[in-house]
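Asker: Dropping the sequence and predicted coords here.
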Amino acid sequence: MTTRSGVRLRMRGRHTGPFVRYRDGALDQAIPPTGHDIDFEQIHVLGLRDGKVVSHEAVRDDITMLGQLGVFPPAPPTALRMIAWRMTGRAARAATRVTAEAAEAAALLRDKPAESR
């Protein structure tokens, strides 16, 4: 039997590293650090079976976050930096680095005993 559990969270912080977005497994966009503060909310619904997450749905306010970063609607300086990042290959390098860091963090969590997480 699958049970559902919800999580409502508020994300606050400063954009100090690349924000990378993928679409269909390929790099779609890499936003260079803007130094802007962000403050927005998300809701996640998890399907749980035998103590494991078997499904995930999210309601995120990405428009608010992107607006706070100056990406939507695009502020000219941010748009120019994003274009330069893509043209010089920095976006692809940032995506590779972010992906590797995420995989490393996931491996560390996977290797930890459940009771110490």
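Answerer: Received the coordinates, thanks.
Asker: looking at this structure, which helix or strand is least sure?
Answerer: Least confident helix or strand, the chain: strand 26-31 with a mean of 83, by mean pLDDT, DSSP states H and E.
Asker: tell me which residues in it are buried?
Answerer: 27, 30, 31 (16 or more other CB atoms under 10 Å). In this view, the C-beta of every residue, glycine as well, is placed from N, C-alpha and C.
Asker: From those, pick the one nearest residue 98.
Answerer: Of all the buried residues of strand 26-31, residue 30 has the smallest distance to residue 98: 8.2 Å, by CB to CB.
Asker: Quick check: bridge partners of the closest one?
Answerer: On DSSP bridges, the residues paired with residue 30 through beta bridges are residue 20.
Asker: Would you map the strands across the chain?
Answerer: 3-14, 19-23, 26-31, 37-49, 52-60 (DSSP state E).
Asker: possible to save the ones you listed as a markdown table with distance to residue 112?
Answerer: Output for the strands of the chain, formatted as a markdown table (distance: least, CB to CB, whole Å):
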| stretch | distance to residue 112 |
| --- | --- |
| strand 3-14 | 20 |
| strand 19-23 | 25 |
| strand 26-31 | 29 |
| strand 37-49 | 19 |
| strand 52-60 | 15 |
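Asker: of the ones you listed, which approaches residue 105 most closely?
Answerer: strand 19-23 (14.3 Å).
Asker: Pull out the buried positions in that closest one.
Answerer: 19, 20.
Asker: Show the contacting residues for residue 48.
Answerer: 2, 3, 4, 5, 54 (CB atoms under 8 Å, 6 or more residues apart in numbering).
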